[in-house]
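curious how this folds, go ahead:
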Amino acid sequence: MVLVRNRSLNFGIRNSASTRFKEMKDIAWVTCEEHKKIISSEQPVVRRLLADGLEVDPVVWDDNTVNWNDYRLVIIRSIWDYHLKIDRFISWLSYLVNIRAKVNNPLDVLYWNHHKFYLQDLESKGIPIISSEFHRQGDKLDLRDVIGRTGWDQLVLKPAISATAHKLIKVDKQTLEGQAEVIGNLANTNDLIIQQFRPEIHQSGEWSLVFFNKLFSHAVLKFPKEGDFRVQNDFGGSRQLVQPEENILAQVGSILNIIKDDLLYCRIDGIVIDGQFLLMEIELIEPELYLFTDEIRDKFVKAIRNSLRSNHILS
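Numbers count the residues shown, from 1 in each chain. Modelled structure (predicted):
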C-alpha cells in the first residue's frame, strides 16, 4: 500500500516497497506559480496513480530550481499563466527539447498549439473552422471594413496567444467607436484572430470533446451566462455532460487525425451549424478536461499508464 494522506494530499509520498527506478522520480505534474498545488478536480486522478505505487510531484513550470531530468514523465497541466510569460515559455519548451525530457503532450505539439494561427494551417487542410480572419501585430486593422466585407453583425477579437478568454472582446457596429482605443491597443500588441460571433453560442451552446490517447472520452456542452458571451466557468458560464451524435464524432475525429503525434489528452472546441462541426480551438496545452465522474477519471488514469508504458516506464 502507498501512504496517501487524503486530507493533506502529500503527493510526493511513494510506496517504500516500490524500489524500481530508484534513481528517478516517476511523474512531474506541471502547474503554475499561482496554482502550485494540483487542482482539486485532478486530485482524484493523482490519488489513483499514487495508489498504483507511482510518485507524482506538483512542479511549477517556470521554477528554475527544478531538474526536469529527474522525472521519467512530465505531464503538462495547470500552467495557466504561460501566455503571460510567452518568451519564457518558449525558452522552456526549447530547453526540454534539448535535455530530451519525456513530455506529454509532445513538445512540438505544444509549440504548434501555443499560437492560434494553427487554425489557418488546419483550414488549409480542409478542416471547417468558424469564419475567421487573421491579423498580424502592428498591421492596420479596420474593423468597419471587415464588417462591410463579411457582413458579420458581431465580431470576437482573440489574441493569438491567450488562455481563459484573456483580452477577448466582442464588438459590433454600434460599439465599434466606443471600443476604438481598446481595439487599437490590442491590435498593436498582439496577433489577433477576428471571428464571426455566432448566435449558436447562446442558442445551442459550444461543444468541447475530450480525448485521451486520441480515443473519445466524453463531451461537454457550454453556455454563457445571461448577458455575456464567454462560456468559461470563470465568467459564470455553465456546462453539462452530453453525448454527441455519431456524425459529430466522425467530423471531430477527422480533425484529430491530422495531428500525427501521440497525445495524452486533447480537447476540441466548436459549434454545430446545420449538422456541421465548425472548429473554434484545439486545446493541447493546459485545457480543463471536465473530470466530472469516476468513469472519466479512470479513463485519464488509464491513458497516463499507457503513456508510461509507451515510454518503457511501466511493464
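
packing partners of the helix or strand encompassing Gln195?
Take DSSP states H and E as the rule and Gln195 turns out to sit in strand 192-196. The criterion is 3 or more C-beta pairs under 8 Å, 6 or more residues apart in numbering; DSSP states H and E, and the helices and strands that strand 192-196 contacts are strand 132-135, helix 143-150, strand 154-159. C-beta: built from backbone N, CA, C; applies to glycine.

turn those into a markdown table, including mean pLDDT.
Listed next are those as a markdown table, based on pLDDT from 0 to 100:
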| stretch | mean pLDDT |
| --- | --- |
| strand 132-135 | 95 |
| helix 143-150 | 91 |
| strand 154-159 | 91 |
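
most tightly packed of the ones you listed?
Each of these was scored by mean neighbour count; the highest is strand 154-159, a mean of 21, by mean count of other C-beta atoms under 10 Å.

what's next to the host helix or strand of Trp92, contact-wise?
For Trp92, the host element (DSSP H and E) is helix 86-98. Contacts of helix 86-98 with the rest of the structure, by C-beta atoms under 8 Å, 6 or more residues apart in numbering, involve 61-62, 68, 74, 79, 82-83, 103, 107, 110-111, 114, 161.

put the alpha carbons of it into PDB.
What follows is the C-alpha trace of helix 86-98 in PDB, where atoms were taken according to Å, rounded to 0.1, in the frame of the first residue of the first chain:
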ATOM      1  CA  ILE A  86       5.400  33.600 -23.500                       C
ATOM      2  CA  ASP A  87       9.100  34.200 -24.300                       C
ATOM      3  CA  ARG A  88      10.000  32.300 -21.100                       C
ATOM      4  CA  PHE A  89       7.500  29.600 -22.000                       C
ATOM      5  CA  ILE A  90       9.000  29.100 -25.500                       C
ATOM      6  CA  SER A  91      12.500  29.000 -24.000                       C
ATOM      7  CA  TRP A  92      11.300  26.400 -21.500                       C
ATOM      8  CA  LEU A  93      10.000  24.200 -24.300                       C
ATOM      9  CA  SER A  94      13.300  24.500 -26.200                       C
ATOM     10  CA  TYR A  95      15.200  23.600 -23.000                       C
ATOM     11  CA  LEU A  96      13.000  20.500 -22.600                       C
ATOM     12  CA  VAL A  97      13.800  19.500 -26.200                       C
ATOM     13  CA  ASN A  98      17.500  20.000 -25.600                       C
END
